[in-house]
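J.: structure, please.
(chains A, B, C and D)
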There are 2 protein chains.
Amino acid sequence: MMLSAVMEDYLKAIYVLHAEADGNVKTSDIATQLDVKPPTVTSMLKKLAEKNLVNHEPYQGVELTPTGESVALEVIRHHRLLEAYLTEELGYDWSEVHDEADRLEHHVSETFIDRLATRLDEPRVDPHGDPIPSADLDPVEDPSGTALIDFSVDETVIIQRVRNQDPEILRYLEAHGIKPGTRVTIKEVTPIGMISIQPHSYETIVSLPTSVARSIWANQTGEASTSVP
Amino acid sequence: MMLSAVMEDYLKAIYVLHAEADGNVKTSDIATQLDVKPPTVTSMLKKLAEKNLVNHEPYQGVELTPTGESVALEVIRHHRLLEAYLTEELGYDWSEVHDEADRLEHHVSETFIDRLATRLDEPRVDPHGDPIPSADLDPVEDPSGTALIDFSVDETVIIQRVRNQDPEILRYLEAHGIKPGTRVTIKEVTPIGMISIQPHSYETIVSLPTSVARSIWANQTGEASTSVP
DNA sequence: TGAGTAAATTAGAAACGCCTAATTCTTATA
DNA sequence: TATAAGAATTAGGCGTTTCTAATTTACTCA
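T.: The predicted structure follows:
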């Protein structure tokens, strides 16, 4: 299937929106995600429907067909492998990889991606903790995690995933020792929309607005730490 | 200067054609190079001229302006660094790199290219022996070389450059030990358009059509080898 | 030097991806 | 249940890059 980079972007957007805004994907969601106007989305959905990549019931939302989902997964695989590669081999910051991967994902060959994957030893997650679809494009089961905001004071958890692409925010988080794999203890949850945490790899306590804390997913460590005085 | 990938391709093509078909570049040359029809070239030349990237005297050929040349050199720098990188770090064959680099060259950031260059230790030539423009985009002086076809029987020379992008041909050459840096001895030049050479890194004698031998540039080793029985 | 040919250009149209303005549909609420 | 608000779609248009067909220009050679 020979698709334009723009079409791939639409399919990726629909996949991502479907996964996170669990349920049906609306024209306006896609428009926001891709920074275009709604009529542009409608006309593209028609083309994608003609190619059997989406099912579009006018006024009722869109769904990917199995073919459309495969394309989306392939693009996402490209994106996340590129992010992992840029971080691990080219010394990119966590905060820089998203934009570069967004442009390259449509222009790398399958050969390129396979060699990247081999070289990185088939990684399962990218630097943000997002799962990387396998080469056979089985739908990724999104690892369940709990937002940082939903833990209680004094719980110690391991950061799994940071669902945020804003370079400014990522730079701040990294500078304060917060990224996937980090162990942190919840110190305080204020009523005015702030949460304070103690990253174990970092000296001082870090405060985050709840909007940011909602995008950080973590799991309980399982051992220890459930004991609270 | 914000240019489309297509415009960059035209500027690159004009630069390359100017360098090799020494003199003025014709509309039809560009059309052949980019695999489009001549009217398409004419209309693009108008747009490039409006942006002061080329000087186009209708019916008389095109030239790059200094700005246009800088853009071309930047694209060529991207291309050749990518080729070097794909070969050295991702295990690409000599014959595979051209197409991949052609697609990626327009979509990598300056940051990406700088990190590639640093990682490869600022290489001066790509896997084909083509010179890589420096980061400040000084015009590359094309290293002078003599086509293989222009040496005499029994001369021993070092291959400098293989000016051919055909993957089939490159695969053949590589399989027979012929690439930049290889030392070979000219064994026979037939009147029917064949040249036979002995690569020193390879057991048997290899025969090449003169069309191919014309695209292989070499330099005399300087020592020895000028002695002929 | 003048005619014929080859190359380049102009003219006009199509596909793509985007837009604004106008219209239609859905849904929530009075 | 009727209507008003909001979302989505249709209508129509623009810039980009390409094409084919028609025309113009430059050059060759008789």
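J.: was I right about A:Gln33 contacting A:Ala13?
T.: Yes - assessed by C-beta atoms under 8 Å, A:Gln33 is found in contact with A:Ala13 at 4.5 Å. C-beta here means a position set from N, CA and C on the backbone, and glycine is covered the same way.
J.: which one's more surrounded, the two?
T.: A count of neighbours by other C-beta atoms under 10 Å in any protein chain shown puts A:Ala13 above the other of A:Gln33 and A:Ala13, at 20 against 17.
J.: show me what the helix or strand that one falls within is packed against.
T.: Using DSSP states H and E, A:Ala13 sits within helix A:5-20. Contacts defined by 3 or more C-beta pairs under 8 Å, 6 or more residues apart in numbering or on different chains; DSSP states H and E place helix A:5-20 against helix A:27-34, helix A:38-50, strand A:61-64, helix A:66-89.
J.: how many neighbours does A:Asp29 have?
T.: Neighbour tally, A:Asp29, other C-beta under 10 Å: 20.
J.: hang on, it packs against A:Leu17?
T.: Yes - judged on C-beta under 8 Å, A:Asp29 makes contact with A:Leu17 at a distance of 5.1 Å.
J.: ok, now which ones touch A:Gly91?
T.: With contacts defined as C-beta atoms under 8 Å, 6 or more residues apart in numbering or on different chains, the neighbours of A:Gly91 are B:Arg115.
J.: give me the pLDDT for the nearest residue in space to A:Leu208 that is not next to it in sequence.
T.: Closest residue to A:Leu208 apart from its sequence neighbours, by C-beta to C-beta, 6 or more residues apart in numbering or on different chains: A:Ile195 at 5.4 Å. A:Ile195 is assigned 94 on the pLDDT scale.
J.: for A:Ser207, give the beta-bridge partners.
T.: A:Ser207 has the following beta-bridge partners by DSSP bridges: A:Ser196.
J.: would you confirm that it contacts A:Met194?
T.: Yes - using C-beta under 8 Å, A:Ser207 is in contact with A:Met194, at 5.4 Å.
J.: can you tell me the closest non-neighbouring residue to A:Asn24?
T.: A:Gly61 (3.6 Å).
J.: looking at chain A, which helix or strand does the model trust least?
T.: helix A:167-175 (a mean of 88; mean pLDDT, DSSP states H and E).
J.: anything in it near chain B?
T.: No - Helix A:167-175 stays clear of chain B (C-beta under 8 Å from any C-beta of the partner chain), getting no nearer than 12.4 Å.
J.: what is that helix packed up against?
T.: Using 3+ C-beta pairs under 8 Å, 6+ apart, helix A:167-175 sits against no helix or strand.
J.: residues in contact with it?
T.: A:93-96, A:98-99, A:162, A:164, A:179, A:212, A:216.
J.: show me which of those neighbour chain B.
T.: A:96, A:99.
J.: neighbour-wise, give me the winner out of the contacts of helix A:167-175.
T.: Top of the contacts of helix A:167-175 by neighbour count (other C-beta under 10 Å): A:Ile216, with 28 neighbours.
J.: identify the bridge partners of that residue.
T.: A:Val162.
J.: so it sits against A:Thr146, correct?
T.: No - using C-beta under 8 Å, A:Ile216 makes no contact with A:Thr146, being 9.9 Å away.
J.: would you map out the domains in chain A?
T.: A:5-64, A:146-220 (automatic domain parsing).
J.: so can I have JSON lines of these showing distance to DNA strand C?
T.: Below are these laid out as JSON lines (distance: least, C-beta to the nearest atom of the strand, whole Å):
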{"stretch": "domain A:5-64", "distance to DNA strand C": "3"}
{"stretch": "domain A:146-220", "distance to DNA strand C": "19"}
